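**Q** Sharing a model prediction with you, sequence too.
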Amino acid sequence: MSYKPDYPDITVDGYVFSANKKTLDLAYLYNLLCVPSRYSTGLPPERFALIVENSVCFSVFYEGKQVGFSRVITDFTEFASLWDVFIDEPHRKKGLGKTMMKYIFEHPRLRGIFRWFLMTEDAHGLYQQYGFKTEAYNPYVMMKVNPI
């Protein structure tokens, strides 16, 4: 089963939130996430394209330019893992991360997933607002369990 974007874009204060992969700026994302940086994974470009293809992706645009991103790896029922959540520095402190989290969790294919995971070094406070708790075995791992 392939993922088809059937989730409408929303606009908040001039920022467009989208789950449409056709609008992604892959070069921008690759340079941000894979070229040596804080987020670096060292992936070659061809593997990065596969990561995007096999994830549910969310983007934030301002004046037509991509300024935010996140992706979810999931089986659409039992498990979801949130990855690569970011908002470009000049656009931070405007509530965009919170709006993106709400947009992600309201996605019709992601509602009702039993168990969510993520890893973070420094954004625990943001994710705690959405029910994530730090796992005792690793302070970078957070989990959220939804009742069935």
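**A** On my side now, so go ahead.
**Q** Going along the chain, name the strands of the protein.
**A** 10-12, 15-18, 56-62, 65-74, 79-87, 115-119, 133-135, 138-145 (DSSP state E).
**Q** most packed of the ones you listed?
**A** Across the strands of the chain, averaging neighbours per residue (mean count of other Cβ atoms under 10 Å) puts strand 56-62 on top, at a mean of 22. Any C-beta I mention is one placed from the backbone N, CA and C, and that applies to glycine too.
**Q** how about the CA coordinates for it, as CSV?
**A** Output of strand 56-62 as CSV, limited to C-alpha atoms (Å, rounded to 0.1, in the frame of the first residue of the first chain):
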residue,chain,number,x,y,z
VAL,A,56,4.9,10.4,6.0
CYS,A,57,6.4,13.9,5.6
PHE,A,58,5.3,17.3,6.9
SER,A,59,6.6,20.6,5.8
VAL,A,60,6.2,24.3,6.7
PHE,A,61,6.6,27.0,4.0
TYR,A,62,6.8,30.7,4.3
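**Q** if we can go back for a sec, export the strands of the chain to a markdown table and append columns for distance to Leu32.
**A** As requested, those are exported to a markdown table (distance: least, Cβ to Cβ, whole Å):
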| stretch | distance to Leu32 |
| --- | --- |
| strand 10-12 | 22 |
| strand 15-18 | 17 |
| strand 56-62 | 12 |
| strand 65-74 | 8 |
| strand 79-87 | 7 |
| strand 115-119 | 17 |
| strand 133-135 | 26 |
| strand 138-145 | 20 |
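**Q** what's the closest of these to Pro108?
**A** Closest of the strands of the chain to Pro108 is strand 56-62, at 11.2 Å (criterion: Cβ to Cβ).
**Q** And the closest one, what does it pack against?
**A** strand 15-18, strand 65-74, helix 96-105 (3 or more Cβ pairs under 8 Å, 6 or more residues apart in numbering; DSSP states H and E).
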